[in-house]
Structure formats: C-alpha cells, structure tokens
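*Asks:* Quick check, what structure comes out for this input:
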Amino acid sequence: MSEIAHPRSAQSVRKRFLEFFQSKAHRIVPSAPLVIKDDPTLLFTNAGMNPFKDLFLGLAEVVDPRVADTQKCLRVSGKHNDLEEVGYDTYHHTLFEMLGNWSFGDYFKKESIEWAWELLVREYGLEPDRLYATVFGGDQVEQLEFDREAEELWKQFLPAERILPGSKKDNFWEMGETGPCGPCSEIHCDLRTDEERAQIPGRDLVNTGHPQVVEIWNLVFMEFNRKADGSLEKLPARHVDTGMGFERLCMALQGVRSTYDTDVFRPLLSKLEELSGLEYGQNEISDIAMRVAADHIRAVAFSIADGQVPSNAGAGYVIRRILRRAVRYGSSGLGIKEPFLHKLVPVLAEEMGEAFPELKRSESLMVQVVLEEEKAFLRTLQQGVDRIEQLLQQRAQPHLEGAEAFELYDTFGFPLDLTSLILREKGGTVDEEGFGREMEQQRNRSRSASELKAGDWRVLEEGTTAFVGYDALETDSRLLRVRTVQVGKEFRHQLVFDHTPFYAEGGGQVGDRGWLIAPDGHTIPIEDCRRETGLWLHIVRELPPEASHYKLVVDKSLREAASAHHSATHLLHEVLRAQLGHHVEQKGSLVSPSVLRFDFSHFAKLEPEQLRSIEHAVNERIWANHPLVENRRSSMEEALAQGAMALFGEKYGTEVRTVRFGDSIELCGGTHVRSTGALGLFRIASEGSVAAGIRRIEAVCASAAYTWVNERLDALEGISERLKHPKDALKALDQLLLEREADRRVLEGHRAKRIQELSAELRAKRSEGVLRSFVGRYDEDPALLKDALFGLKDEMTTVVVIAGVHTGKPHLNVLISSDLVAGKGLNAAQCVRDWAKHIDGGGGGQAFFATAGGKRMEGLDEALNTAQTWLATLS
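*Replies:* I've put the predicted structure just below:
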C-alpha cells in the first residue's frame, strides 16, 4: 500500500511511534509470531511483553537494553480473553496491535512517563485536558506500597485531580497466574464531546467501561516475579514494559467514537457493506455481525500467515472457533449464506501488508484456507440445523435439554448462543444451566487429563544452560535448579544444568533422550528435553542423589536417527521449492528418530510421478555426499544475504545459526549429520492434505528407510507366498480381484432377492384392523431386515416388531410407518430403547425405524410380549 499523507492515518501513527522511540536510542524490532512455541502457559502472544519474558526473568542475555516494536496480540483464551465481547461493544478486539517501548535494566519510571507525555501531547497533538493518569494505590494483603514516585512524576504534567489511585486489579499488571509483574500507570483519554464532559467529569468514568473514556497506554514497571505459590519475589533487575493499544490510539487521534470507525477497520467494513448490501450504522444486529467479521478475519488471517492453520486441537482449534463465529454472524446477522470471509483477505493484505509483509506473502494461502474452512462449516451448520429439527420433531413444545445443546456444540461446533437463537425463532427455549453443567464436566475431564501443574523452582545455583550438543553427546554438569510438575495423575521432575549435550525440543525436532549418571554410578533415564522461557528442562521420574556434578549422556542411536531426518527435511524443502515453485513454504514439521513429517503450502495433490521425481532428487543430493557447512554466529542480515530461508512463525535472535548442504541453506538450531551420505536412502511413505492449501509428506531415511523397505519386501513376499509364488504376482492379484468382484455380484443378487422375499412375507403376515401390525421372530441378518422393513415405511398404519438372533447375539427391529409417526406421535427409537432392557441391551435410531442389540437371548420373548401389550393399547 502506498504511503498515506494524512498525519493521523493508521499507517502514519504506527510509523511516528517507532520513529519517536528510535530517536530515544531504542532498537526497533519486528513483531514476534502470534503462536507461542516454547511457553506452556500460553497458546498465543497476548501481550507485547511475551517475546521478552526471558529477559525480564534474567534467563537470557540483554543485547539491546532499549527496544520498541508493534506487536500483534491475540486475546481469545485464558485470563486475557476478549472473544465474547467482540462485536457487542465498539472497542474490544481479538487481534490487536500493541505499540510498546521496553527497558531491560536501563531507564525506569521517570523516562517512561516523560516520554509518554511528550509523544502523546507534543508529537501526536492530543489535548492535555482530555488525559488522565492512574497510579497503583498499594495493596495491604500483598504488602505493596502506594506508588508515590509515579504520582509525583505525573504532577509535572497533570493537576492532582486527574491523577487517580488505582486498585491492584487495575494498576498491578500480571501476565498470567505466574511470571513477571509490577505496578503500572495507565493513561486514559476522554473522547466525549465538550457538552458530555461538562455534565460528568471524566475522572468519574475512568476504568468504568465507558466506551468514550478509554485506556490508551499502560506503563508497567516490572519489579516482581509471581511464583506458583502466589508469592512475589524481586526480579534481578527493574524493567519497563509499556503497551499502547494501536486501534484505540487511532480512534483518539482521528476523532471518531469507535475503533471500528478508524481507517484500521473502515476498509473491511466497506467490503462487508458491498458483500451484504447493508449499510453499517443502520441496524444493531447487522452492525454487530459486521464488527465480528471485520475483527475475526484479522485474527484468522494473521494466525494462518504465522503458520497456524485451523484444526481440531490446541491453537488451531481456537482459530477454527473464531472463524466459525464470524461465519455464523455473517449468516444470521448479514443474511450471507455462502462463503464470504475469504473475500476480506485481499483487503486486509492491502491495508496492512506494508507493516506486516507476511500478509502479502501468504495472501493466496490465507484465501484458500479460509474459503475451505467456510465451506466446511456451512455444511456443518446445515447438519446442525437438521439435527435440531430432528430433536424437536416429536415434541409438543420446542425445547432442548442441556445435554442436547452440548451435543450440538461438541459435534457441530454450535455455540450456545446460536442454538438459543434458532430456538427463539421457533418460540422455544434451551436449558442453558444444563448446558453449562455439561461444559464444565468436559472442562474437568480435559483438565484432569492434560493440565500441567508446576511447582516453584528450587534454585541450587544461579546460572543459565550452555548447550554443547553440537560437538559432544556427553558432558559433566552441575545441577542449577529443580522443580516438580504434575500432568494429570503423573508426576515428573524437571532439572536444569549449567551444561548439557541434550537437544531441547524445537524447530520440529524432538528432544533428546538419554541418562543422568551420578558420581556413585546411580543412573536415571532422561525421558525428554524441552525448552521453556530460556531454560533447558531435562525430564526425569526420580530425583538424583545430591552431588557436586553429574554426567549427562545422550542416547547416540536416537540422536543420530533424529539428526538424519532433520537433514533430510532440509533437502526435501529445497527440492519441493525447486520442483513445485517458490510458493512452497514450510508450515510445520516433525523430526523424530523414526520418521520425518513435513507440512508445506501447496494447492494440489502431488501425483505419483511427482513424488517419484521429488524422492529421486533428494536421493541424488544424498549420493552427492554434500558436507555440513554451518555458521553458528551469523547475523540475521548476513544469513539472509547468503540466501538462507527463514521460516515465518519462528522467533529468531539477533544472532542465528545457518546450516548448508549443497544448495540448501536454512536458519536452523537443530542437529544434523556431518554429510548427506550418512542419510543412505530417502523414501516417501505418504503424501496428503492436512488443511486447505497445506500438504503433508511423511518420509524416512537411513536406518528407518532400511526398516521401511524391508517391511514392504516382507509383505510382498507374504502376498506372493499366499498366491503360490506366481511368475507375475500383480497379474495373479488382478485375476483374484476379478473373481472376488464376480462373487460379490452373485451374493448381492441373492441378497436383493432375499430382501424382496422378506418384505413380501412381512407384508402378508400383518394383522388387519385399525393398525396393520406384525410382532414375531426372524433369525436373520439385521442389515437384511432393515432393508426389508424400509420398504414398508410408507405403507399406511403399519407397525412391525421383529426379534431375532444373528451370530449368537439377540437383536430387535422396530418399524412404524410415516403416517403414524406424524399423526400419532409414535417413536420407534423410544420403543426400542424401552424394550431392549429385556435383552440387556440398548439401541436407537429414527422415529420411523430403530434397532437394538443385546446379550440376553432368553429376553427376546419378554420383549415381544411387551410390544404386543403396547400395540393393544393403540388399537
């Protein structure tokens, strides 16, 4: 997008912020990815400080003591969750930009407050009499004092009546249940008209949720770390973390009453007006729907651009929920019954692509993924509506129980408010309390199975971990810290050492396994190694005996196998780009000792000849025996100049490691073979789709390829042996399949004839009268009976109940003709559930036909007698 001249345009506001702090000796850094990969406490970056957590905790070296950026953030889960507010008010968002300046042990409150005032008033030109500042008023329980220093600093610029003390809730910032925290000073702006301001002072509306008296900047003074036991400890150094909501700042500077009225959102809303034929600002229902769609497409698109596609688990499931929420509002609020969200992606890429080039680079992928997700959910939406109709079919009043509403949520992705909306339109209700109970039970099941509860660290010695695993597989090391964690019902211990040869899971490569050996020879298996906020965590089941040092030994065979698959992944990536095109980008990977899995952007299935060509090209690079050429301390600029591929969605430091094999060069921290010849053989095991526009190749090399080939040779030999070792095994197999198909056609003919005979028999055996019914035994295949009975469902006043035994198991079949279902409210599914109790079984089905199976054959006569008694009441 070309530069906009207007000094208060969104683009200019963002640029001026960064230039201002660059003039204050801050290094300008790019936004970190949205998806968090090395912090189990977060799914997404939800605050500007997340990428700097290691620096605040003193777990990483400070290279630049002053930094500024604009960080994309997502608040849709956990403590900071704004999802349900989005659309209903005019200022909450899922994805937002956080403009921030940071000090790591450098300046503190004085400079932060003075520069904030200088930027807002002198640079941006906000009216001083519209600004208010809050300061931390202290907390007796935590024994934290009133922030008098911040209050005195603000008195340089504001009268005392516009400096307001705040509670711990409002003025003590915490990222989550644990982690860096500290008192903060918020800057609020009163955007009301002069008439409104004269009626009620702005100070009375600060932090009350008023849409025109809003917080625009939060200056956080990081001094503490919140521990797992709830206590506070001082951080190694004092830091500054400021966050200014970009969208709210634009609202204040552009003189509008909503963030959605700024040029950040207006292009998206204009496109929605075009797509819906409705005008924004004319109807509350359609306005909410437009705000939801405009907001949510930003969250979805940025996540896809960062490598996170919608899926059924973890971060991918959150993104799918957001996308489906937008589709739902488009359908119910805008009347758009076809895919439309993907048409907003080009608008977003045009408006924000200059500040975030990943949007331009991934535009076609984002469009394709969003379109396919929309199509899938619209199909699901209709299935859900059909299910509601089915549930309500036999009820006098339209009402859904909580368990039924939860089934719609769990199976079809129907949020409760959508189900309630559909029921309201039918004049009915939903048991919302019951739904809440079902939801809580699911949360408890999930929480008990997977929730990680971490204790506090027991620090034995200060220090950080030096990784020596590129050059050694064992080393002597000192234990620095220990903690115990609980996952479900299992307990593990996490150990941190000053040196380690263990590779910690990252970049798709699994963590090393091996052993910890104490000086007395006691050996403890190390089950895994992971990184968390700058710490190398060695996972064990038992604590080691106390000692001054330990020997850490990596499992050599597992490391070598994983390294081989990692090197093969690099070769595969290079070949895919060479043969398919430079649109191919890595979207995910798994590198383990047994297999490599590589996800990449591509829009078509790979044909067998393409796979053979790719496989051959990788093997040619293996046979060329290219040596590993690595540079462990390259600047990002040098690496990119050499042609190294940076994987978008990964977080890189100022210094990076490059790995080259022939023409393949990537930024990579993983372990690799010394030369490609060590890979031996490369074979593609499978190729398929994992999401719209995302393909997946699974492959093996080295010893895993040897095993893979032998397994298939053994299988081929087994097939040949069963075919009596024919000269041409494929020809013999084809002949066998032809014979099988001929036999199947004969059997189908017999089956069709038997179905006709059964239908005729049952039709003839029906009693005559008000109801034409038959109750009796048929020891037939239940599938045959079902097809035979389906032929009777449209014959008037018919009821058929059959009991029988097939393959040693009792079964029941109930048919009720369509006229009796509609006219008398009879329900075969309810009947079969009641009668199945006689055979210790259960079943279900539709109102006109249902089946049940059981264990107790002697109960069949009891079931038939109960059915006869029931029929007698109908006559």
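*Asks:* The stretch 401-550 of the chain: strands as residue ranges?
*Replies:* Using DSSP state E, counting those that start in this stretch, the strands found in the stretch 401-550 of the chain span residues 429-430, 452-454, 458-459, 466-467, 474-477, 479-487, 490-497, 499-500, 514-517, 523-526, 528-532, 535-540, 550-554.
*Asks:* do you know which of those lies nearest A349?
*Replies:* When the strands of the stretch 401-550 of the chain are compared by CB to CB, strand 528-532 sits nearest A349, at 32.9 Å. In this view, the C-beta of every residue, glycine as well, is placed from N, C-alpha and C.
*Asks:* quick one: contacts of the closest one?
*Replies:* The contact list for strand 528-532, computed with CB atoms under 8 Å, 6 or more residues apart in numbering, reads 38-40, 500, 502-506, 510-513, 536-539.
*Asks:* what angle do it and strand 490-497 make?
*Replies:* Computed by axes from the mean of the first three to the mean of the last three CA atoms, to 10 degrees, the angle separating strand 528-532 from strand 490-497 equals 70 degrees.
*Asks:* mean confidence for strand 528-532?
*Replies:* On average, the pLDDT along strand 528-532 is 92.
*Asks:* ok so, going back, worst mean pLDDT among the strands of the stretch 401-550 of the chain?
*Replies:* Among the strands of the stretch 401-550 of the chain, strand 452-454 has the lowest mean pLDDT, at a mean of 71.
*Asks:* Selecting buried members of the contacts of strand 528-532 in PyMOL, what would you type?
*Replies:* Listed next is the PyMOL selection for buried residues among those, using 16 or more other CB atoms under 10 Å:
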select buried, resi 38+39+500+502+503+504+505+506+510+511+512+513+536+537+538+539
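*Asks:* which residue ranges form the strands in the stretch 701-850 of the chain?
*Replies:* Using DSSP E, counting those that start in this stretch, the strands of the stretch 701-850 of the chain run over residues 772-777, 798-806, 809-816, 842-845, 849-853.
*Asks:* show me the contacts for L516.
*Replies:* The contact partners of L516, by CB under 8 Å, 6+ apart, come to 495, 523-526, 538, 540, 544, 550-553.
*Asks:* remind me which residues of the stretch 251-400 of the chain are low pLDDT?
*Replies:* By pLDDT under 70, the low-scoring segments of the stretch 251-400 of the chain are 394.
*Asks:* Need the per-residue pLDDT for G176.
*Replies:* Per-residue pLDDT puts G176 at 71.
*Asks:* how would you label it: helix, strand or coil?
*Replies:* Secondary structure of G176, reduced to three states by DSSP: H, G, I helix; E, B strand; the rest coil: coil.
*Asks:* Check whether it really touches L42, as I assumed.
*Replies:* Yes - contact between G176 and L42 holds when scored by CB atoms under 8 Å: they sit 7.2 Å apart.
*Asks:* Looking at those two, which one has more neighbours?
*Replies:* L42 (22 against 17; other CB atoms under 10 Å).
*Asks:* could I have stretch 655-665 exported to PDB, CA atoms only?
*Replies:* These are the backbone C-alpha positions of stretch 655-665, laid out as PDB (Å, rounded to 0.1, in the frame of the first residue of the first chain):
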ATOM      1  CA  GLU A 655      22.500 -14.000  16.000                       C
ATOM      2  CA  VAL A 656      21.400 -17.100  14.100                       C
ATOM      3  CA  ARG A 657      22.900 -20.400  13.000                       C
ATOM      4  CA  THR A 658      22.900 -21.300   9.300                       C
ATOM      5  CA  VAL A 659      23.000 -24.900   8.100                       C
ATOM      6  CA  ARG A 660      24.100 -25.600   4.400                       C
ATOM      7  CA  PHE A 661      24.100 -28.800   2.400                       C
ATOM      8  CA  GLY A 662      24.900 -28.000  -1.200                       C
ATOM      9  CA  ASP A 663      22.300 -25.600  -2.500                       C
ATOM     10  CA  SER A 664      20.200 -26.000   0.700                       C
ATOM     11  CA  ILE A 665      20.700 -23.300   3.300                       C
END
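*Asks:* list the buried ones in that stretch?
*Replies:* 656-662, 664-665.
*Asks:* Please apply the same query to stretch 197-216.
*Replies:* Applying 16+ other CB under 10 Å to stretch 197-216 flags 197, 202, 205-207, 210-216 as buried.
*Asks:* M49 and A504, how far apart?
*Replies:* Separation of M49 from A504 (CB to CB, to the nearest Å) stands at 23 Å.
*Asks:* And for S613?
*Replies:* According to CB to CB, S613 stands 36 Å off from A504.
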